[in-house]
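In: Next input, structure requested:
(2 chains)
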Number of protein chains: 2
Amino acid sequence: MATLKSFVEVHPDSHFPIQNLPYGVFKPSPTSAPRPGVAIGDFVLDISEIARAGLFDTPTLDSSDCFLQPDLNKFLGLGKPAWKEARATLQKILSSTEPVLRDNASLRQKALVPMSKVEMVLPVVIGDYTDFFSSKHHARNCGLMFRGPENAINPNWFHLPIAYHGRASSIVVSGTDIVRPRGQGHPTGSSPPYFGPSLKLDFELEMAAVVGPGNELGKPVNVNEAGDHIFGLVLMNDWSARDIQAWEYVPLGPFLGKSFGTTISPWIVTLDALEPFACDAPKQDPPPLPYLSEKISKNYDISLEVHIKPAGAKESSVVTKSNFKHLYWTLTQQLAHHTINGCNLRPGDLLGTGTISGPEPESLGCLLELTWNGQKQLSVNGLTRKFLEDGDEVTLIGYSKVLNLILNHGAIYLLNSAPVTLIGYSKVLNLILNHGAIIY
Amino acid sequence: MATLKSFVEVHPDSHFPIQNLPYGVFKPSPTSAPRPGVAIGDFVLDISEIARAGLFDTPTLDSSDCFLQPDLNKFLGLGKPAWKEARATLQKILSSTEPVLRDNASLRQKALVPMSKVEMVLPVVIGDYTDFFSSKHHARNCGLMFRGPENAINPNWFHLPIAYHGRASSIVVSGTDIVRPRGQGHPTGSSPPYFGPSLKLDFELEMAAVVGPGNELGKPVNVNEAGDHIFGLVLMNDWSARDIQAWEYVPLGPFLGKSFGTTISPWIVTLDALEPFACDAPKQDPPPLPYLSEKISKNYDISLEVHIKPAGAKESSVVTKSNFKHLYWTLTQQLAHHTINGCNLRPGDLLGTGTISGPEPESLGCLLELTWNGQKQLSVNGLTRKFLEDGDEVTLIGYSKVLNLILNHGAIYLLNSAPVTLIGYSKVLNLILNHGAIIY
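Out: Modelled structure (predicted):
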């Protein structure tokens, strides 16, 4: 079977071939209303125009106004049948052999917007945001640093996907400046706490699942059906102020050390697009309790990188290379665990994976681990870093590539020179300088 | 000055005299759209009808559609000037000397709905919910139970209002049944965890501040201006599964032990209505850092009770009597601390106080403390309880009474036999029986 190709020209290095088609919400111009779109090559396809043109001629989507909304929540709430219909329709419309859009100049003019002109906004209204702690390497390193080798990983960690509730209001889309937070830190022993701008500002390399239909309060989701509730993934930078976090987190967990900002990528890559890159999840020992035991336990092979570009530098440096497949607890286990007490999930909710660290020293997912809480220097483009400095730009990149392979997971793809890169870039940080100044 | 009186008949024991006027959102009939109202005697005044009649003839409210919304968020976002105008207008319209509503039978017919006929819904869309830990007695008791007397209260507690992010999706309005959560517990030592319905289900007696305008990301609220961002208070029952919580909470804090349900009262009592009951906050030692030092440090004298009515019992028993004034950290300190890192608050956000325990054994705010984690029995209406049993109904009551006093806090009230009871009832729980059964 031939490779699926689009009539829209897609450069071989593009993150957005027709096999990807991630969903986002964008404004074609600064004054226009936000609307859903998918990325294709250097363009955004305005799905509201496709819907208005009556091209979603499928059972679930035909009479729905889900693409006329300013966010994706309604579409996500429709669930898997709608997601499948939309993907099939969009791939067909965009394919090189289908004339309906290709040969309609007026519709193309309205619906295909150059990516360079659009402003991306948050793709969903996030009702609740939860952050898990699912990388064993990350959990062990944090434990080694703060509790020592005897009990590096707390015993509960191997029995359940540990998580905490995060702050939804301060989740921002990639490109939004983050202001260095102020707060209390504590030197040691019985010293009084100090107050000021955080001296240990960190990134955390994460991804996050975007929830689909969700469940009613009191009605848990079975782990084997949990995949039906995950629409796709975003890259996520869970900015962390390590000094604030260390002083505040006993006994109720992280609070202000995290809530000053969390950045997600504008594009949601669907699980359908990621299916060719599915791989086995790590073996879990001890075996999980029955409510967490799944028939198919699946991860995704997604290469992840973090780049830092210091203020004034011409280029960025890669400071870590990790992979999504290192996660111990799967997305579906996370979701099922989240609901086992009856907690309800709603469309658009975000489930962060926690920092995704790998086993090697160069695959650690945050500066806390990379510099061992500031005890070591990290080389960044000729400079050194223990933690982030004002003006640093942090970029997360994720990609999955398969070359010359025929994959068969429900669909047949032949991906020759068309790598699916997850998200072009996810995050640029410009720290606002406020060291020393107290601004109210 | 004479006592302000309404033309609506208000029984001396009513919770809703004209001095209170708490805000809620209600449906006059099961099929009608939700709309804002205030409680007066045995009636709800439909504020959307008052707005439609053009009676909010004030600078901020005149051209606003905030009372034509299905929630109070827009009104809350308008801030103090709008809140003052609305209260003054509603007190005037409802007063015995003002004819505009009193003598307009058609408007009265539309706008005054018998409380017995309405369905109350959540008064606000809650973007984020945060729960503090501001009672020293509660913090000390928890520490004594789980960490011993040497370090009962963790050192950070005296320097900052400890808090965690809670789950917004599972906040429900008073009267909503709560399903006993299932989850993992852990017996002791190196035993494996068990799974099943929680065996240690608890209530927590709390109140919560409802946030007004809030702040932009990156721009903290000064503690001396924090009062402008608090619209009012609700009663809150932060249902807790102590066995789930104890096993999961290290190191990231409470998660599924809390997120299965949180109940708030339908009526928001405004800080304006509570002003006559303001009192000095406890002296803080050590003195707080400058960003938490306030010119006026204020609590409220609000009597709080918890009643439990076992299934089949004819009457409920009072199991605790506490008071809001026992809180160590003030509402304004909580709010200022929340934003000091730049975290943004939005209209409708909820800031829970944490369990409000007093110093006496009979003033403890949860069963964990009252039965010392199940080591003692509590007498409830001839029965005993260590933790909650299926079918128990839990009711929180709050009230502030001032008799024969002239109070002067900006306004002059004479409250003779018109006690302001905060909320008639806040919560009735019917636990759904699911012991032993595994329902997916």
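In: Of all residues in chain A, which one is closest to chain B?
Out: Across chain A, no residue is closer to chain B than A:G253, which sits at 2.3 Å (CB to the nearest CB). C-beta coordinates here come from the backbone N, C-alpha and C atoms, glycine included.
In: burial count for that residue?
Out: 26 (other CB atoms under 10 Å in any protein chain shown).
In: and it, what does it touch?
Out: Contact partners of A:G253, counting by CB atoms under 8 Å, 6 or more residues apart in numbering or on different chains, are A:164, B:164, B:249, B:251-254.
In: Strands of the stretch 151-300 of chain A, start to end?
Out: With DSSP state E, counting those that start in this stretch, the ranges of strands along the stretch 151-300 of chain A come out as A:163-165, A:171-173, A:182-185, A:194-197, A:201-202, A:205-211, A:230-237, A:240-241, A:262-264, A:269-270, A:278-280, A:298-300.
In: So which of these is nearest B:P220?
Out: Ranking these by proximity to B:P220 (CB to CB) places strand A:182-185 first, at 7.5 Å.
In: which other helices and strands contact that closest one?
Out: Using 3 or more CB pairs under 8 Å, 6 or more residues apart in numbering or on different chains; DSSP states H and E, the elements in contact with strand A:182-185 are strand A:194-197, helix A:242-248.
In: Out of those, which one sits most buried?
Out: Of all the helices and strands packed on strand A:182-185, helix A:242-248 has the most neighbours on average by mean count of other CB atoms under 10 Å in any protein chain shown, namely a mean of 24.
In: hmm, who's touching it?
Out: By CB under 8 Å, 6+ apart, helix A:242-248 touches A:146, A:181, A:183-186, A:193, A:198-202, A:254-258, A:368, A:373, A:387, B:156, B:160, B:162, B:341.
In: A:L61 is in contact with A:A82, isn't it?
Out: Yes - in this structure, A:L61 is within contact of A:A82 by CB atoms under 8 Å, at 5.8 Å.
In: Skipping its backbone neighbours, what lies nearest A:G79 in space?
Out: Using CB to CB, 6 or more residues apart in numbering or on different chains and skipping residues adjacent in sequence, the residue nearest A:G79 is A:P213, 4.5 Å away.
In: same deal with A:Y164?
Out: B:L252 (3.9 Å).
In: Show the pLDDT at the one you found.
Out: The model reports B:L252 with a pLDDT of 95.
In: What segments of the stretch 301-440 of chain A are strands?
Out: Using DSSP E, counting those that start in this stretch, the strands of the stretch 301-440 of chain A run over A:303-309, A:317-323, A:350-352, A:378-380, A:383-385, A:393-400, A:405-409, A:411-415, A:420-423.
In: and the last one, average pLDDT?
Out: Strand A:420-423 carries an average pLDDT of 39.
In: could you point out where chain A is predicted with low confidence?
Out: A:1-2, A:402-440 (pLDDT under 70).
In: mind checking the longest helix of it?
Out: Across chain A, the longest stretch assigned as helix under DSSP state H is helix A:80-94.
In: how many degrees apart are it and strand A:230-237 in direction?
Out: Here helix A:80-94 runs at an angle of 80 degrees relative to strand A:230-237 (axes from the mean of the first three to the mean of the last three CA atoms, to 10 degrees).
In: now for helix A:80-94, which elements pack on it?
Out: In terms of contacts (3+ CB pairs under 8 Å, 6+ apart), helix A:80-94 is packed against helix A:47-52, helix A:73-78, helix A:99-102, helix A:271-274.
In: closest one to B:I397 among those?
Out: Using CB to CB, the helices and strands packed on helix A:80-94 put helix A:73-78 closest to B:I397, at 37.5 Å.
In: Compute the distance between A:G253 and A:A163, please.
Out: Remark: distance between A:G253 and A:A163 (CB to CB, to the nearest Å) = 10 Å.
In: Would you enumerate the residues in contact with the residue nearest to A:V10 when sequence neighbours are not counted?
Out: By the measure of CB to CB, 6+ apart, the closest residue to A:V10 outside its immediate chain neighbours is A:G41, 3.9 Å from it. A:G41 makes contacts with A:6, A:8-11, A:14, A:16-17, as judged by CB under 8 Å, 6+ apart.
In: And the buried ones among those residues, selectable in PyMOL?
Out: Selection of buried members from the contacts of A:G41 for PyMOL, criterion 16 or more other CB atoms under 10 Å in any protein chain shown:
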select buried, chain A and resi 6+8+10+14+16+17
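In: Tell me the one among the contacts of A:G41 nearest to A:T263.
Out: A:F16 (20.0 Å).
In: Would you confirm that the closest one belongs to a helix?
Out: No - counting by DSSP: H, G, I helix; E, B strand; the rest coil, A:F16 is located in no helix; its state is coil.
In: number of nearby residues for the closest residue to it other than its chain neighbours?
Out: Excluding the flanking residues, the one nearest A:F16 by CB to CB, 6+ apart is A:A39, at 4.0 Å. Neighbours of A:A39 under the rule other CB under 10 Å: 26.
In: Quickly list what A:A39 is bridged to.
Out: A:V44 (DSSP bridges).
In: Report the contact partners of it.
Out: By CB under 8 Å, 6+ apart, the neighbours of A:A39 are A:15-16, A:20-22, A:24, A:45, A:115, A:267.
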